[in-house]
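# 3D, please:
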Amino acid sequence: MAQGEVSTKADGCAPMSAFQRIKAILGGSAGNLVEWYDWFAYSSTSLYFAAHFFPKGDTTAQQLQTAAIFAAGFIARPAGAWLMGVYADRAGRRAALTLSVALMSLGSFAIAILPTYAQIGVLAQFGLLAARLVQGLSLGGEYGASATYMSEMASKARRGFWSSFQYTSLIAGQVAALVVLVVLQHVLSKADLAAWGWRVPFAIGGVLAIVVFWIRTGLDETRAFLNETTSKRARGRTVDLIRQHPREFAIVLVLTSAGSLAFYAYTTYMQKFLVNTAGFSKDTGTAIMAGVLVVYMLIQPGVGWLSDKVGRKTTMAVGLGLGGLATYPVMTAISHAGSAWIAYGLIMILVLCHSGYSAVNAVVKAELFPAHVRALGVSLPYALANAMFGGTAEYVAEWFKAQHVESRFYIYVAVVMLAGAFAAARLRNTNTTSLIADD
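Prediction:
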């Protein structure tokens with residue numbers, strides 16, 4: 001679709017139909033799902049490929065090095081968030097979404113065919129690092145662009161509900177990565193899965209990203225962006241973001257620090273925690289987390305709908321606060337859980353609390369900024385906080401474990417979450433003060 005054609009559409013005064021909104025939300029969600037599938041394929045399979053790239057040391061040492069590469073991918077996310085945020089505010093949300101998924105496909109295919117340490121030595125480790133950095137660039141831009149796109153496509157009355165699908169698809173990506181692993185665990189022998197089967201999820205992700213690239217080229221641009229193109233204001237300027245919206249920038253940074261750290265502690269690291277601390281088998285740990293994530297994914301729209309009724313500020317503050325209070329006792333209980341069902345129920349307590357943040361975080365952040373810096377304002381502080389807290393969650397947890405003081409990780413997560421709850425409580429009610437233009 002040519003830019004002139006899109007602009008003509010934007011000139012019409014008719015409100016978007018429900019079908020148009022659903023099409024846009026599903027289109028944005030599909031790409032978000034695949035992006036996060038590719039990202040989480042690394043963490044879900046790292047128990048199997050760690051020894052191929054880091055053969056020295058025991059299992060904990062190998063996982064620590066693999067977690068360091070995982071964290072390194074987050075280092076690239078602020079750069080990707082800045083570049084793609086600027087691009088999304090200047091060229092459009094659709095253009096940024098298309099570019100981000102192309103980069104993710106490249107990174108996934110690279111890991112799928114990457115030689116191991118036994119084949120090329122230390123170059124294998126550098127290759128793994130390079131592929132994760134490319135994926136980090138992609139995902140750094142994906143979050144801000146998709147959060148902005150889906151929030152702008154949603155109607156005011158149901159913005160919490162519709163934008164919750166951004167996180168629904170994020171979790172769906174993680175679920176898909178685990179489901180693929182579960183299938184491989186059942187169709188391949190343990191020896192084959194450890195030898196080469198771990199590469200399959202990355203190859204699948206690369207192919208799916210190509211499909212999504214084609215889908216995203218057909219998405220409509222948001223009216224909020226198209227209306228902004230008629231303004232003489234400069235779009236996507238970092239200096240304007242920092243000077244004009246320092247408080248909002250800081251709020252997104254604090255909220256994301258809490259939400260991201262908790263998310264990776266409760267989901268990504270939890271799979272290793274169940275195996276290495278609670279004593280479950282790899283297959284059982286994977287199955288538990290798959291079950292948790294399916295329910296976690298399905299409740300996001302319900303919490304988003306609730307936020308449209310009671311306020312997104314309230315929903316987020318309560319969720320982060322309860323999660324902060326529950327983290328230490330619940331994770332301590334999980335470490336001693338003797339039953340998979342008990343572990344499942346305990347983890348569900350944590351993710352239910354976290355849903356107060358996850359279901360509404362995208363729309364809250366988008367509603368804090370005007371259209372000309374919205375994508376950049378959402379993505380840059382988000383990526384910085386992810387690099388500092390989310391991306392390092394596994395590494396910090398493994399470090400505390402290696403020092404035989406693992407419970408200090410629970411305290412760390414709890415303190416950061418309570419800081420986020422305090423920041424959320426001081427938010428203005430974006431249900432009524434949103435800067436996203438109404439239909």
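
# got a list of contacts for stretch 296-309?
Under the contact criterion C-beta atoms under 8 Å, 6 or more residues apart in numbering, stretch 296-309 has outside partners 157-165, 167-168, 171-172, 175, 267, 314-316, 319, 348, 351-352, 354-356, 358-360, 363, 431. Quick note: C-beta positions are derived from backbone N, CA and C, even for glycine.

# Those in helices, which ones?
Of the contacts of stretch 296-309, the ones assigned to helices by DSSP state H are 159-163, 165, 167-168, 171-172, 175, 314-316, 319, 348, 351-352, 354-356, 358, 363, 431.

# The helix or strand that contains Ser379: what's the following helix or strand?
Using DSSP states H and E, Ser379 maps to helix 374-385. Going down the chain from helix 374-385, the next helix or strand is helix 393-402, by DSSP H and E.

# Could you name the helices and strands sitting against that next one?
If you count contacts as 3 or more C-beta pairs under 8 Å, 6 or more residues apart in numbering; DSSP states H and E, helix 393-402 packs onto helix 59-91, helix 269-276, helix 407-425.

# Adding distance to Leu368, mean pLDDT and mean neighbour count as columns, could you present the ones you listed in a markdown table?
A markdown table is the format used below for the helices and strands packed on helix 393-402 (distance: least, C-beta to C-beta, whole Å; pLDDT from 0 to 100; neighbours: other C-beta atoms under 10 Å):
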| stretch | distance to Leu368 | mean pLDDT | mean neighbour count |
| --- | --- | --- | --- |
| helix 59-91 | 14 | 79 | 22 |
| helix 269-276 | 29 | 90 | 24 |
| helix 407-425 | 12 | 95 | 20 |
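
# Same list, those helices, but as a markdown table with distance to Gly27 please.
Output for the helices and strands packed on helix 393-402, formatted as a markdown table (distance: least, C-beta to C-beta, whole Å):
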| stretch | distance to Gly27 |
| --- | --- |
| helix 59-91 | 16 |
| helix 269-276 | 30 |
| helix 407-425 | 30 |
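
# Could you count how many residues lie near Met316?
Per other C-beta atoms under 10 Å, the neighbour tally for Met316 reads 29.

# so who does the closest residue in space to it that isn't next to it in sequence touch?
The shortest distance from Met316 to any non-neighbouring residue, by C-beta to C-beta, 6 or more residues apart in numbering, is to Ala424 (4.2 Å). By C-beta under 8 Å, 6+ apart, Ala424 lies in contact with Leu255, Lys313, Met316, Ala317, Leu320, Tyr357.

# Please name the residues that touch the nearest residue to Gly321 once chain neighbours are set aside.
Nearest residue to Gly321, sequence neighbours excluded (C-beta to C-beta, 6+ apart): Ala421, at 3.8 Å. For Ala421, the contact set (C-beta under 8 Å, 6+ apart) comprises Ala258, Ala317, Val318, Leu320, Gly321, Gly324.

# from these, which two are the most distant?
Ala258 and Val318 (13.1 Å; C-beta to C-beta).

# Between these two, tell me which one has more neighbours.
Ala258 (30 against 17).

# wait, doesn't the more buried one sit right on Ala419?
Yes: with contacts counted by C-beta atoms under 8 Å, Ala258 reaches Ala419, the gap being 6.2 Å.
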